[in-house]
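Colleague: Show me the folded form of this:
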Amino acid sequence: MSLNEQLSWLFILAMPIACIAWTVTHEEVFREPREFCVRKSQSCERLYQRKFFYLFTCEYCFSHYITAFILVLSNYKLLINDWRGYVLAFFALIWVANIYMSLYAYVRTDLKKERLLAKKEEKSLEE
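Modeller: All right, here's what the predicted structure looks like:
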């Protein structure tokens, strides 16, 4: 695979990683399981239990596991065609996916701010 193809795959594979990690750790559809995991991550007696449940509440942590799963499915390697290519791909995919999630969080925050300002202005015009 050429370098251009490898880089294209890097940016494309990071999209579903970011999407899955963000959805599980932030969106309303997974709110109840996430709240359960938050409670368990704070109340379990054993450290390994608390850390296990914490994984489902942190998009950065969860993205590591999604990345490992995607690498197994896709057999994607970056730059080197042996086990080192998997290691490079693993960390590069996590990095790109977390950039995507950061940009998405920024855009969402900005949109929410704009909506609130619009509501405030609308309310003041009505009065």
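Colleague: tell me the average confidence for stretch 90-108?
Modeller: On average, the pLDDT along stretch 90-108 is 94.
Colleague: got the buried residues for that stretch?
Modeller: 90, 92, 93, 94, 96, 97, 98, 100, 101 (16 or more other C-beta atoms under 10 Å). C-beta coordinates here come from the backbone N, C-alpha and C atoms, glycine included.
Colleague: Would you format those as CSV with secondary structure included?
Modeller: CSV is the format used below for these (DSSP: H, G, I helix; E, B strand; the rest coil):
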residue, secondary structure
90, helix
92, helix
93, helix
94, helix
96, helix
97, helix
98, helix
100, helix
101, helix
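Colleague: which residues touch the host helix or strand of residue 13?
Modeller: For residue 13, the host element (DSSP states H and E) is helix 3-26. Helix 3-26 has contacts (C-beta atoms under 8 Å, 6 or more residues apart in numbering) with 1, 29-30, 34, 56-60, 62-63, 66-67, 70, 74, 76, 78-79, 89, 92-94, 96-101, 104.
Colleague: Now do that helix: distance to the chain's middle.
Modeller: Centroid displacement of helix 3-26 relative to its chain, using C-alpha atoms, centre = their mean, to the nearest Å, is 9 Å.
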